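[1] What follows is a protein structure lacking sequence information:
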Ligand code: 1DF
Ligand code: MN
């Protein structure tokens, strides 16, 4: 499991492509806009904790991230070649436009999507794009999903968990789900820092970021979407969760038992009966990626629970840019067909690549 006990080497060519599905970029002006949000005191504690750090720290990791996250040409392609990554599925880094006021968010989502589409046109065999949308304006988000699908060649949508404390489980956001389902665009539900009502005990312990707060908030976000009945209303909708499904597959038995018990007891107005068990929606309406988790046992468990067709590879470049992890994953004790599904064919099918 350690990242340091193997001598670094280049991953050998294998008989599959490696498609990395949760790879971040930032257009050149995003950081200036983030700096302005921070200076204006308009950001919540989570955004401030995350981006005040990444925009100013002199430590090696934030420097690496600042240096490479904006590159969509030579440097990134060189890193991909070095790590044996054939294709990156790119998305605007978290929290994307979701920290901005509604009008700025709508217009910057368009700008970022145009910018990403241009990079995909420059490198059509190496990059695939997911469209950013502004949940602050669900009608405009739905229009941007249509534009992304029909004009920009986008292969899915990126949304970062909550939007200023509001979750997509609220029906006011469901135009976004309707458009995603109509245009057959999977939604990658990517982490964000926990919202103000949740974050304090995380911050006290330094646990608000990718180490734990991200996963708790994003798992909650996904579970709220399930229990709100979104998939009874939009049965074909597909979501993608990183970080081994933000631990939800591991919880599935308990979610089913307690959901059934809670509904039967009529305990909450907000928890209505569903057509299926929570675990059924996890298996039929979600894909998971291993972003951040280069750990064979967890991946094999997810494959067993979700089905081999629903678990995909992600590196999380440039946040977790570790060559040894690619080698570790190449060496998983796994049938050739299943490893190819993990690295290549699932992503080709989900994001309509090739
Ligand atoms: C971090 C991790 C930041 C992930 C990210 O976007 C991110 C991090 C701001 O380590 O602070 O996407 N991640 O998905 O694990
Ligand atoms: Mn990520």
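    Nice, thanks for sending it over. Just so it is clear, the model here is predicted, and its values are computed rather than measured. Numbering: from 1, shown residues only. Ligands and ions are numbered 1, 2, ... in the order given.

[2] count of neighbours near the residue nearest to residue 235 when sequence neighbours are not counted?
    Counting by C-beta to C-beta, 6 or more residues apart in numbering, residue 235 lies nearest to residue 285, which is 7.8 Å off, once chain neighbours are set aside. From N, CA and C alone the C-beta is placed, and that goes for glycine too. For residue 285, the neighbour count with other C-beta atoms under 10 Å is 21.

[3] where's residue 285 relative to ligand 2, distance?
    Residue 285 sits 21 Å away from ligand 2, going by C-beta to the ion, to the nearest Å.

[4] How about the contacts made by that residue?
    By C-beta atoms under 8 Å, 6 or more residues apart in numbering, the contact list for residue 285 reads 231, 235, 237, 238, 239.

[5] so what pLDDT did the first one get?
    When you say that, I think you mean residue 231. Listed pLDDT for residue 231 reads 99.

[6] okay but residue 219 is in contact with residue 246, surely?
    Yes: contact criterion C-beta atoms under 8 Å: residue 219 and residue 246 qualify, at 3.7 Å.

[7] of these two, who's got more company?
    residue 246 (24 against 21).

[8] Would you list the buried entries among the contacts of residue 285?
    231, 237, 238, 239 (16 or more other C-beta atoms under 10 Å).

[9] Switch those over to a markdown table; also include secondary structure and distance to residue 48.
    Shown next, in a markdown table, are the buried ones among the contacts of residue 285 (DSSP: H, G, I helix; E, B strand; the rest coil; distance: C-beta to C-beta, whole Å):
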| residue | secondary structure | distance to residue 48 |
| --- | --- | --- |
| 231 | helix | 34 |
| 237 | coil | 33 |
| 238 | coil | 33 |
| 239 | strand | 28 |
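
[10] and which of those residues is nearest ligand 1?
    residue 239 (15.4 Å; C-beta to the nearest ligand atom).

[11] what sits against residue 77?
    123, 126.

[12] swap the cut-off to 6 Å and go again
    By C-beta atoms under 6 Å, 6 or more residues apart in numbering, no residues touch residue 77.

[13] Quick check: which element contains it?
    helix 74-83 (DSSP states H and E).

[14] still on that earlier bit, out of the contacts of residue 285, what pair is the most spread apart?
    235 and 239 (12.7 Å; C-beta to C-beta).

[15] Spatially central residue in this structure, please.
    Central residue of the chain (C-alpha atoms, centre = their mean): residue 190, 3.0 Å from the mean position.
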